[in-house]
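Participant: I would like the atomic coordinates for the input below:
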Amino acid sequence: MKVSKLAANLIGSEIVKIGNEVNDLKAKGAEIANLTIGDLNSNIYPIPALLKEEIQKAYQNNLTNYPPANGLLSLRKEVSKDLKKRWNLDYSPEDILITAGSRPLIYAVYKTIVDEGDKVVYPTPSWNNNHYAYLTSANAVEVKTKPETNFLPTADDLRPHLDGAVLLALCSPLNPTGTMFTKEQLSEICELVIAENKKRGENEKPLYLMYDQIYSCLTFGAEHVDPVSLFPEMKDYTIYIDGISKCLAATGVRVGWGFGPAHILDKMKALLTHVGAWAPKPEQEATAKFYENSENVDTFVEDFKGKLEESLKVLHNGVQDLKGKGLAVDSIEPMGALYLTIKLNYIGKTKPDGAVIENSSDLVFYLINEAGVALVPFSAFGEDKSEPWFRASVGGLATDEIKVMLPKLESALNNLK
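Facilitator: All right, here's what the predicted structure looks like:
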């Protein structure tokens, strides 16, 4: 049956495909260490108790009708205060848009800025930019990054591609790598954006920067940096993506916020009124109550990210131990978020049954079946399937489960010849 050209050519999520395989095997009784999902096991990492109480209270108080299209004023006020306290960013409640997590915001940024054929620049690997570019019929320019720069784009990487572009999409800490920009790296990129915009005439669309900092509170020693804090003139061109999904372990609570230039945020709000992408009113009310005391956020985040960091260190050290034993593996020390970047240089090897591991997807499914270990290849984030790099998310496993998984991974890799 015929469908739209957009629907007919839409590419499904490789992560979902892997997740389905994992779920099928689990249903048959298999034990799988699921390192695929950028989510959290809520039994290991529950949301803050006070936030849960406030959500329940809001439902009991019948706050179940529509919220305002741009979000409850009480929440926007608290977000405004938190941005000032946490990052010294000055954004009024009118410059803030609340949505059901960050995805509607990213979609709205693309739809508000990008016309058919407009140039959009983003690095690979990165999460879902290829799909949002497709949904907006953009001229997507993918900038391949290198492990030597922690898979983050440098100013030199981006410089040849910004002429005429309308949107540059960046994320730090980065999904899928768990790495993040230094002050120097981001400063050089911001200088490029400023210089590019100075070249443009009044009737030309500016080059906007979408800066996804949804993991900004989950950093391990390194300092999170953002464009406007580095260069105040970036405020005219930067749209931030943020929210509670990751920092409060609240992926299913669905409260995100974007902030940036009023003329962009107003159009994003208008667009999303036709989508109905607002966060539920009880969850908005509860989040506002939780943020009234900034110590609530700070106390939870410190404990939560300490546990994540411990799990990431166990996984990183485990991979480094395998490297020390002579296996063709490596990993990049985690800097933030939930993720470890792992290299498994086994493409082209032969399985015990004689079949060849022809690409990263083959290796993923081999490890699921032979080691009970599920990873996401960087091909799910725009890279080629010949690349031997993978994302491992520790959000779904306890530290002890990671320790049990590592010998199984070692055995399965040793069986490849």
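
Participant: list the contacts of residue 186.
Facilitator: Shown in contact with residue 186 (Cβ atoms under 8 Å, 6 or more residues apart in numbering): 172, 225, 226, 227, 230. All C-beta spots, glycine's among them, are computed from the backbone N, C-alpha and C.

Participant: hmm, the fourth one is touching residue 208, no?
Facilitator: By that I understand residue 227. No. Residue 227 is not in contact with residue 208 according to Cβ atoms under 8 Å; the separation is 10.8 Å.

Participant: on that earlier part again, of the contacts of residue 186, closest to residue 59?
Facilitator: Ranked by distance to residue 59 (Cβ to Cβ), those are led by residue 226 at 34.5 Å.

Participant: circling back to that earlier point, between residue 227 and residue 208, what contacts are shared?
Facilitator: The contact sets of residue 227 and residue 208 overlap at residue 238 (Cβ under 8 Å, 6+ apart).

Participant: lowest-pLDDT helix or strand in the chain?
Facilitator: helix 14-27 (a mean of 84; mean pLDDT, DSSP states H and E).

Participant: got the buried residues for that helix?
Facilitator: The neighbour-count check on helix 14-27 (16 or more other Cβ atoms under 10 Å) flags 14, 15, 18, 19, 21, 22, 25 as buried.

Participant: show me what that helix is packed against.
Facilitator: helix 360-371, strand 373-374, strand 376-377 (3 or more Cβ pairs under 8 Å, 6 or more residues apart in numbering; DSSP states H and E).

Participant: between these, which one is closest to residue 348.
Facilitator: Set against residue 348 and scored by Cβ to Cβ, the helices and strands packed on helix 14-27 come closest in helix 360-371, at 10.0 Å.

Participant: by neighbours, which of the contacts of residue 186 wins?
Facilitator: residue 172 (26 neighbours; other Cβ atoms under 10 Å).

Participant: list the contacts for it?
Facilitator: Contacts of residue 172 by Cβ under 8 Å, 6+ apart are 152, 180, 181, 186, 211, 212, 213, 215, 216, 224, 225, 336.

Participant: what sits against the residue sitting nearest the centre point of the chain?
Facilitator: Centroid check for the chain by Cα atoms, centre = their mean gives residue 175 as the closest residue, at 4.0 Å. Residues near residue 175 by Cβ under 8 Å, 6+ apart: 38, 126, 127, 212, 215, 337, 339, 381, 391.

Participant: from those, which is closest to residue 373?
Facilitator: residue 391 (12.8 Å).

Participant: so that closest one makes contact with residue 374?
Facilitator: No. Here residue 391 does not reach residue 374: they are 10.9 Å apart, not a contact under Cβ under 8 Å.

Participant: okay, and the common contacts of those two?
Facilitator: The contact sets of residue 391 and residue 374 overlap at 35, 36 (Cβ under 8 Å, 6+ apart).

Participant: where does residue 347 sit: helix, strand or coil?
Facilitator: coil (DSSP: H, G, I helix; E, B strand; the rest coil).

Participant: change the start of the numbering to 729 and stick with it
Facilitator: With the count now opening at 729, the last piece we talked about shows up as residue 1075.

Participant: re earlier: so which of the contacts of residue 903 is the most crowded?
Facilitator: residue 1065 (30 neighbours).

Participant: isn't that residue right up against residue 902?
Facilitator: Yes. Between residue 1065 and residue 902 a contact is recorded at 7.2 Å, counting by Cβ under 8 Å.

Participant: out of the contacts of residue 914, which sit inside helices?
Facilitator: Per DSSP state H, helices hold the following members of the contacts of residue 914: 955, 958.

Participant: where along this protein do the strands fall?
Facilitator: For the chain, the strands defined by DSSP state E occupy 761-762, 824-827, 847-852, 867-872, 893-899, 936-940, 966-971, 984-987, 1057-1060, 1067-1072, 1101-1102, 1104-1105, 1117-1121.

Participant: could you dump those strands into a markdown table and include distance to residue 1001 and mean pLDDT?
Facilitator: Shown next, in a markdown table, are the strands of the chain (distance: least, Cβ to Cβ, whole Å; pLDDT from 0 to 100):
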| stretch | distance to residue 1001 | mean pLDDT |
| --- | --- | --- |
| strand 761-762 | 37 | 93 |
| strand 824-827 | 11 | 98 |
| strand 847-852 | 24 | 98 |
| strand 867-872 | 27 | 98 |
| strand 893-899 | 22 | 98 |
| strand 936-940 | 21 | 98 |
| strand 966-971 | 18 | 98 |
| strand 984-987 | 15 | 98 |
| strand 1057-1060 | 42 | 98 |
| strand 1067-1072 | 34 | 98 |
| strand 1101-1102 | 39 | 96 |
| strand 1104-1105 | 34 | 96 |
| strand 1117-1121 | 33 | 98 |
